[in-house]
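Novice: Quick one, fold the following:
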Amino acid sequence: MSVHGAVRVERVVTSGTFTLDGETFDVDNNVWLIGDDAEVLVVDAAHDAEAIHRATAGRRVTAVVCTHAHDDHIDAAPALSDLTGAPVLLHPDDTELWSLTHPGRKPDGELRDGRILTVAGIELRVIHTPGHTWGSCSLHAPFLNTVFTGDTLFHGGPGATGRSYSDRPAIEASLRARLLTLPGSTVVHTGHGPDTTIAAERPNVPTA
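Specialist: Next up, the predicted model:
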């Protein structure tokens with residue numbers, strides 16, 4: 001847990017599977033909660049809606065934000081929305097991918113590049129970072145000196161692009177133009193595995 005004033009970032013790790021292109025893998029996912037004692041925003045409702053709901057600890061959930069629509073990042077989103085009344089937000093370029101997991105349920109709202117989401121009095125700016133999927137987005141919280149990158153940027157470099165709905169040149173271009181330009185001290189909260197910083201990952205992204 002990291003704290004800045006009354007606003008804090010909490011990590012919940014959930015376990016399940018990731019399935020795409022006919023293959024299934026066991027995965028542990030980072031679910032991020034950003035907020036204070038009154039309200040919280042959830043990033044990537046993975047695998048276990050009940051566990052995530054418990055972590056919200058009675059706070060008002062302002063939104064369930066999906067960084068992208070791989071099933072391991074959205075499988076619990078509708079159930080968490082039902083438990084909390086919070087809208088599920090996803091970039092429209094991932095609508096087709098979403099429908100593979102939730103064919104009868106659409107997201108409640110759209111993430112767009114530059115959209116500002118607010119929680120606990122702070123702003124998070126949506127950065128469209130296509131490549132891992134076409135609709136992949138990151139959330140930059142300047143007040144917290146933090147960016148939530150989903151599977152676009154990890155400790156060690158770019159996310160995977162070897163499957164459907166992904167493209168290696170696109171993710172590298174997104175990283176160079178949209179994320180590596182953030183202050184080097186910015187903490188990167190990832191979709192899987194440990195945190196890193198923008199400065200630490202700059203050498204791990206090929207130059208154009």
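Novice: what residue ranges in this structure score low on pLDDT?
Specialist: 1-5 (pLDDT under 70).
Novice: let's go with 90 and repeat that
Specialist: Scanning the chain with the threshold set as pLDDT under 90 gives 1-5, 207-208.
Novice: So Thr14 versus Ile127, what's the distance?
Specialist: 24 Å (C-beta to C-beta, to the nearest Å). Any C-beta I mention is one placed from the backbone N, CA and C, and that applies to glycine too.
Novice: Equivalent analysis for Ala51, please.
Specialist: Taking C-beta to C-beta, one finds Ala51 at 28 Å from Ile127.
Novice: Settle it for me: which of these two has more neighbours?
Specialist: Ile127 (23 against 16; other C-beta atoms under 10 Å).
Novice: Tell me how far that one lies from Arg115.
Specialist: Ile127 is 10 Å from Arg115, by C-beta to C-beta.
Novice: Gly184 too?
Specialist: Relative to Arg115, and taking C-beta to C-beta, Gly184 is found at 25 Å.
Novice: which of these two has more neighbours?
Specialist: Arg115 (17 against 11).
Novice: How about the contacts made by that one?
Specialist: By C-beta atoms under 8 Å, 6 or more residues apart in numbering, the contact set of Arg115 is Arg125, Val126.
Novice: Please repeat the previous calculation with a cut-off of 6 Å.
Specialist: Val126 (C-beta atoms under 6 Å, 6 or more residues apart in numbering).
Novice: Let me see the backbone angles for it.
Specialist: phi -60, psi 140 (degrees, to the nearest 10).
Novice: ok, now how distant is it from Cys137?
Specialist: For Arg115 relative to Cys137 (C-beta to C-beta), the value is 9 Å.
Novice: Identify the contacts common to those two.
Specialist: Val126.
Novice: would you say Thr95 is within a helix?
Specialist: Yes: the assignment for Thr95 is a helix, going by DSSP: H, G, I helix; E, B strand; the rest coil.
Novice: Roughly how far does it sit from Ser174?
Specialist: To Ser174, Thr95 is 19 Å away according to C-beta to C-beta.
Novice: Please identify which of those two sits among more neighbours.
Specialist: Neighbour totals were compared for Thr95 and Ser174, and Ser174 leads with 25 against 15 (other C-beta under 10 Å).
Novice: And what about the more buried one, helix, strand or coil?
Specialist: helix.
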